[in-house]
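Student: Provided below are the primary sequence and the corresponding predicted coordinates.
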2 protein chains.
Amino acid sequence: MSTLAIISRAIYICGMTNDASGTAGPFDNLLCFAVYAAGHAFNRVYKPLLDRLGLTYPQYLVILALRHADGQTVGALGEHLFLESNTLTPLIKRLEAAGFVQRRRDAADERVVRVHLTDQGRAAGDAAACLPPELFDSIGLPAEEIAALQQRLVTLGDNLRRSAEERD
Amino acid sequence: MSTLAIISRAIYICGMTNDASGTAGPFDNLLCFAVYAAGHAFNRVYKPLLDRLGLTYPQYLVILALRHADGQTVGALGEHLFLESNTLTPLIKRLEAAGFVQRRRDAADERVVRVHLTDQGRAAGDAAACLPPELFDSIGLPAEEIAALQQRLVTLGDNLRRSAEERD
DNA sequence: CACGATTTAATCGTGTACGATTTATTTAGG
DNA sequence: CCTAAATAAATCGTACACGATTAAATCGTG
């Protein structure tokens, strides 16, 4: 590895840049923390909007996924959301208890549970799909930057997941 | 608002691009989901590394913050991590039970709890601070892009937090 | 056809997040 | 000084995440 690469690692990932001004925080150069904190910040903006619909953020994602393709299995939803049944099963049961979806065992394969939107769920999905414009101002970045940032994050997520899998 | 701006919102945030190929996912253009999923992916890469130290990811952040400045109050830690006492108090108690930190009431102001690293905590912090180089390959982006992405995310987080506060 | 391997959800335990409330302490105004 | 307001943590209830395990159904091969 080149010296430059080693230094780059130290500077951009380790958060080990010198703090001559004394104002630097402990995580100023940590990419993982920037992602972590941005996720929390997003949730804080989304929460009051989703509260009006009676949804949490992960529930909103499930509704959007079903709006895109209804009757998906728990496993298929998990592939889109990168979650597994241990998280999704109780989440979907709460959505069902609140009247947004219906869970049905697949007649052809009784192992599989398919999730269907109710009329109430479809209405919530329509309302949820209209939220993003309200968020545009909160994001506070030009549209081109939003698109570029989104793409980088998708690549980052793909890279990280591939790396995590390889360690098995 | 210009037509272009309206279209941009629809394309880049709403996830409403047409899916001619039939392969698009439901969240392909959602910035919030890209952030959310990248956070999970990061955690999956970090987890096996932090398991060896006996730390969770938020605990690792607290240890790093204390390594940067020991004896911080719960409130000060919360400002760095964007968390409050309802999350931090139990987390720090678990760190204390595991022997990484000590909690002490401030003598001058008994309301305040200051958190101090133990020798074990300092050793874990030293080991934790050496993790990032191992993650560089997992991230799979050139150093310049990591730095740029990190900066954009900090800006995004700042914008979102400001927007959330304004709604109070 | 039988039976072990595989697949799909569900369950369980631990640890975050976070809104709302509570308790203890300190500060300020009368 | 003495009490009302303010501040700092802690507590409580609900809802994710996720590793590990379990249970039920299906598949594959002899």
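Tutor: Looks like it came in fine.

Student: Only C-alpha atoms from now on, for both contacts and neighbour counts.
Tutor: Will do.

Student: And the helices in chain A, which stretches?
Tutor: For chain A, the helices defined by DSSP state H occupy A:3-12, A:31-51, A:57-68, A:74-81, A:85-97, A:119-129, A:132-139, A:143-166.

Student: among these, which gets the worst mean confidence?
Tutor: Mean pLDDT values for these show the minimum at helix A:3-12, a mean of 44.

Student: Does stretch A:147-161 reach DNA strand D?
Tutor: No - using CA under 7 Å from any atom of the strand, stretch A:147-161 stays clear of DNA strand D, coming no nearer than 10.4 Å.

Student: oh, I was asking about stretch A:115-130
Tutor: No - if you take CA under 7 Å from any atom of the strand as the test, stretch A:115-130 misses DNA strand D, and the best it gets is 14.7 Å.

Student: What parts of chain A come near DNA strand C?
Tutor: A:40-41, A:43-44, A:47, A:73-76, A:85-90, A:111-114.

Student: Of the helices of chain A, give the one that comes closest to B:R94.
Tutor: helix A:31-51 (20.8 Å; CA to CA).

Student: residues in contact with the closest one?
Tutor: A:12-13, A:27, A:56-57, A:60, A:128, A:131, A:135, A:138, B:32, B:35-36, B:38-39, B:42, B:81-82, B:146-147, B:149-150, B:153-154, B:156-157, B:160-161, B:163-164 (CA atoms under 8 Å, 6 or more residues apart in numbering or on different chains).

Student: What residues of it count as buried?
Tutor: A:31-47, A:49-50 (16 or more other CA atoms under 10 Å in any protein chain shown).

Student: Same check on stretch A:79-91?
Tutor: For stretch A:79-91, by 16+ other CA under 10 Å, it's A:80-81, A:83, A:88, A:91.

Student: picking up where we left off before, quick one, which of the contacts of helix A:31-51 are buried?
Tutor: Buried, going by 16+ other CA under 10 Å: A:12-13, A:27, A:56-57, A:60, A:128, A:135, A:138, B:32, B:35-36, B:38-39, B:42, B:81, B:146-147, B:149-150, B:153-154, B:156-157, B:160-161, B:163-164, out of the contacts of helix A:31-51.

Student: what about the helices of chain A, which gets the closest to B:A107?
Tutor: Across those, closest to B:A107 is helix A:31-51 (CA to CA), at 32.3 Å.

Student: How about that closest one and DNA strand D, touching?
Tutor: No - using CA under 7 Å from any atom of the strand, helix A:31-51 stays clear of DNA strand D, coming no nearer than 9.0 Å.

Student: Check what pLDDT A:D168 gets.
Tutor: 57.

Student: scratch that, A:G25 is what I was asking about
Tutor: Value for A:G25, per-residue pLDDT: 81.

Student: That one against B:H80, yeah?
Tutor: Yes - the pair A:G25 / B:H80 is scored as a contact, 7.2 Å apart, by CA atoms under 8 Å.
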